[in-house]
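A.B. asks: The following block contains a protein sequence and its predicted model.
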Amino acid sequence: MTIHIDRERCVAAGTCVMTAPAVFDQDDDGIVELLQAEPADDAGVADAVARCPAAAIEVTV
Ligand code: SF4
């Protein structure tokens, strides 16, 4: 699994950080930052993708 984030689309909702804190973080402006681009397991990533209000997270396998 490889995760791609689109920081231009991110609206700083923080849902991904709450859902998958090992994978996502937020910068000082609340914009998503990727901690792991290729996590070993799902670790809530699928849920984060589904719940992101900006559709700013994409996963490829
Ligand atoms: S859930 Fe989406 S909009 Fe919210 S911080 Fe994460 S990537 Fe950005």
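C.D. replies: Arrived safely.

A.B. asks: what's the single longest helix in this protein?
C.D. replies: Scanning the chain for the longest helix, with DSSP state H as the assignment, gives helix 45-51.

A.B. asks: ok, then the element right after that one?
C.D. replies: Next helix or strand after helix 45-51 toward the C-terminus (DSSP states H and E): strand 57-60.

A.B. asks: and V23, what does it touch?
C.D. replies: Neighbour list for V23: I3, C16, L34, L35, Q36, P39, A43, G44, V45, A48 [criterion: C-beta atoms under 8 Å, 6 or more residues apart in numbering]. From N, CA and C alone the C-beta is placed, and that goes for glycine too.

A.B. asks: ok, now with 6 Å
C.D. replies: By C-beta atoms under 6 Å, 6 or more residues apart in numbering, the contact list for V23 reads L35, Q36, P39, A43, V45.

A.B. asks: got it, and A48?
C.D. replies: Listed by C-beta under 6 Å, 6+ apart, the contact set of A48 reads C16, T19, A20, I57.

A.B. asks: What pLDDT does the model give it?
C.D. replies: Note on A48: pLDDT of 97.

A.B. asks: would a markdown table of the contacts of V23 with distance to Q26 and neighbour count be doable?
C.D. replies: Output for the contacts of V23, formatted as a markdown table (distance: C-beta to C-beta, whole Å; neighbours: other C-beta atoms under 10 Å):
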| residue | distance to Q26 | neighbour count |
| --- | --- | --- |
| L35 | 11 | 13 |
| Q36 | 15 | 14 |
| P39 | 17 | 18 |
| A43 | 17 | 17 |
| V45 | 16 | 21 |
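
A.B. asks: Can you pick out the ones from the residues you listed that are in helices?
C.D. replies: Short answer: these in helices (DSSP H) are V45.

A.B. asks: Just give me the neighbour total for D25.
C.D. replies: Applying other C-beta atoms under 10 Å, we find 14 residues neighbouring D25.
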